[in-house]
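[1] Sequence first, then the predicted structure, then my questions.
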Amino acid sequence: MAFRASTVAWLSHRHRNRKDSARIDWRELVDQILSDCHKKQRWFVEDDSIRVCALVARGGGKTTAMRARFVIRMLKTNRARCCFVATSRLQAEEFMWAPLKELCESLGIAATFNESKLKCTFLHNGSTLRLVGADDKKSVDKLRGQPFHEVGIDESASYSDSLFDNMLNRIIIPRLGDFNGTLCCFGTPGKTLRGEFYEMTRSNGDDSRLYESRELEEFAGWEKWSRHHWTMEDGAAEKQVMRNLWSAANRNKRAKGWSDDNPVWRREYLGEWAADDTENIYKYSIYDEDGNLFNRWEPEIDRNGFAILPEEFSDWRYSYGQDMGHSDPYALQVLAWSPSDTSKKLYHIYEFSAKKMYARKIACLLVGEDPEDGSKWPNLENPEGCIGVTGWPDSIVADTAGMGGGVLDELKEVYGVRTIPADKKNKHDNIELTNGDLVDGRLVVIGGSELEKQLLDLQWVINEYGQLREDKAARNDCTDALIYARREASHLMNSERVEDSRHFQQGTDLEAVPDADSADSGSFDDTYSMDDSNYSDHQW
């Protein structure tokens with residue numbers, strides 16, 4: 001049988017080391033590895049759960065702990081297959097490759113290191129560790145179909161939601177069952193409080209339990225994530241290097257003038273999830289301080305795609321917000337509220353977003369498709385579509401940017417759907433009013449929606465004049481539609497004329513709408529009406 005030169009070299013090396021390799025006492029080596037870890041690192045290394053996650057501050061030694069897990073697994077399991085995933089091949093090599101060589105040399109473990117494949121092989125039992133960079137979806141897809149005993153994903157907060165979900169649930173987890181393998185996700189928290197890594201590592205979450213709590217009766221038979229958390233301070237009592245790092249971190253904190261609540265301090269040095277409110281446009285919080293849902297709600301969705309509203313109220317009213325977009329897609333957001341609800345809570349119940357939505361397609365979305373039997377369309381007395389679900393809403397509002405004004409004209413003249421032009425001039429004020437509702441918990445958004453994603457992601461940028469501006473490169477069609485719908489809903493909630501406010505049905509007159517300056521005051525400083533000749537050109 002013929003072998004490639006590299007394979008022959010490997011077999012020759014294995015033969016030369018067979019006698020020494022046979023003497024390996026892996027129990028003694030495991031004890032030596034664990035002795036180099038501080039207490040919370042040891043907990044992570046010794047955790048025998050099949051789903052392990054860790055939220056660790058910078059400099060806390062998370063990659064060191066994962067390296068210890070890999071080496072122990074490879075020592076104890078013959079022909080173990082392990083994989084380390086980093087955000088790039090370069091980071092995988094920098095954080096794991098050279099330190100792994102040093103660890104094997106210090107422990108006297110005979111191993112080969114394939115530089116081109118970044119693959120380490122233990123000679124005494126054939127166990128392997130492969131290093132991979134998840135630079136993009138194509139790189140991750142190379143792992144598809146490969147079974148592993150153990151996989152560790154570094155900096156799990158740094159991947160996009162779609163890439164991380166694809167990597168975990170479609171590539172890695174389906175093949176861990178071959179060996180009853182373990183998946184470890186670990187990293188430093190990011191500034192965006194969402195995603196699968198956030199859900200598995202946040203305190204008071206339902207997807208994980210602390211490792212320290214594993215013996216509690218309520219966690220008997222636990223099959224979800226086993227969670228770990230530590231900082232440099234946790235290792236400072238045992239390790240001099242940690243003491244030095246923790247002292248340096250506190251010096252930097254004092255030099256920067258950071259308080260204990262500074263989000264950078266909390267994220268990078270304490271390993272805590274903390275949104276950076278100075279950069280985020282919207283003050284959207286999925287959870288409150290006790291871990292309960294705050295601005296998110298998770299309703300049942302009916303067959304039409306609408307959220308099923310709470311049964312305690314029956315007098316629901318609706319406001320539609322539309323962003324006609326230009327380069328962004330068209331977006332529709334629907335809010336509901338009840339005049340009987342003294343808390344004046346706004347419920348996000350539906351969203352739609354798509355590109356190339358001209359007037360006829362928007363009309364079909366709102367009042368239903370053109371019937372094939374040739375019957376009257378649009379049938380505004382018995383509409384289908386979104387309005388068929390909610391009934392005629394109390395307000396339909398849309399922006400007039402680009403060709404939006406022409407679309408609004410066509411919707412009214414051709415399809416009988418009257419629409420209020422949005423207040424673009426005072427957008428910053430409308431954002432602040434929306435933030436007020438978010439901070440007070442008066443606005444809840446469907447979890448996992450595109451609207452929620454934009455609320456969490458959108459950030460201010462500073463222009464050349466030092467002014468805060470929206471990032472024009474970021475998608476904001478859903479949030480724009482939200483603030484339009486929220487503004488009109490707030491007007492009507494605070495108006496004594498709410499019972500007469502459903503004025504968009506064909507053949508009825510448009511009623512007065514409160515002035516922008518009285519949005520949350522409940523008073524009418526001014527009113528306006530829009531007739532057929534001037535409604536699309538009205539400026540607020």
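    Thanks, I have the structure now.
[2] I'd like the mean pLDDT over whichever strand or helix holds L245, please.
    Here L245, judged by DSSP states H and E, is contained in helix 240-256. Averaged over helix 240-256, pLDDT sits at 91.
[3] Heading C-terminal from it, find the next helix or strand.
    Next helix or strand after helix 240-256 toward the C-terminus (DSSP H and E): helix 263-264.
[4] and the next helix or strand after that following helix, what other elements does it pack with?
    Following helix 263-264 in sequence order, the next helix or strand is strand 296-297 (DSSP H and E). Judged by 3 or more CB pairs under 8 Å, 6 or more residues apart in numbering; DSSP states H and E, strand 296-297 is in contact with strand 443-446. All C-beta spots, glycine's among them, are computed from the backbone N, C-alpha and C.
[5] try it again with 10 Å
    strand 346-354, strand 443-446 (3 or more CB pairs under 10 Å, 6 or more residues apart in numbering; DSSP states H and E).
[6] In the sheet, which strands lie alongside that strand, parallel or antiparallel?
    If you go by DSSP bridges, strand 296-297 pairs up with strand 443-446 (parallel).
[7] what sits up against the next helix or strand after the strand it pairs with?
    Next along the chain after strand 443-446, taking DSSP H and E as the criterion, comes helix 450-457. With CB atoms under 10 Å, 6 or more residues apart in numbering as the test, helix 450-457 has contacts from 161, 191-195, 198, 275, 280-286, 295-296, 329, 331, 333, 348, 351-353, 434, 438, 443, 445-446, 449, 471, 474-482.
[8] ok, which stretches of the stretch 101-250 of the chain are strands?
    111-114, 119-122, 128-133, 150-153, 182-187, 208-210, 225-230 (DSSP state E, counting those that start in this stretch).
[9] likewise the stretch 301-450 of the chain?
    Using DSSP E, counting those that start in this stretch, strands in the stretch 301-450 of the chain cover 317-323, 330-337, 346-354, 395-398, 420-421, 443-446.
[10] can you tell me which of these the model trusts least?
    For these, where the average pLDDT is lowest is strand 420-421, sitting at a mean of 90.
[11] and that strand, what does it pack onto?
    For strand 420-421, the packing partners by 3+ CB pairs under 10 Å, 6+ apart come out as strand 395-398, helix 404-413, helix 477-493.
[12] just the buried members of the contacts of helix 450-457?
    Buried members of the contacts of helix 450-457, scored by 16 or more other CB atoms under 10 Å, are 191-195, 198, 275, 280-286, 295-296, 329, 331, 333, 348, 351-353, 434, 438, 443, 445-446, 449, 475-482.
[13] where in the stretch 151-300 of the chain is pLDDT low?
    Counting by pLDDT under 70, the stretch 151-300 of the chain shows low-confidence ranges at 277-278.
[14] Which pLDDT does the model give the residue nearest to A359 when sequence neighbours are not counted?
    Closest residue to A359 apart from its sequence neighbours, by CB to CB, 6 or more residues apart in numbering: E410 at 4.0 Å. Here the pLDDT value assigned to E410 is 91.
[15] Would you map out the domains in the chain?
    Domain segmentation of the chain under automatic domain parsing yields 5-236, 296-529.
[16] mean pLDDT for those: which is lowest?
    Across the domains of the chain, the lowest-scoring stretch is domain 296-529, with a mean of 82.
[17] Nothing else from me, thank you.
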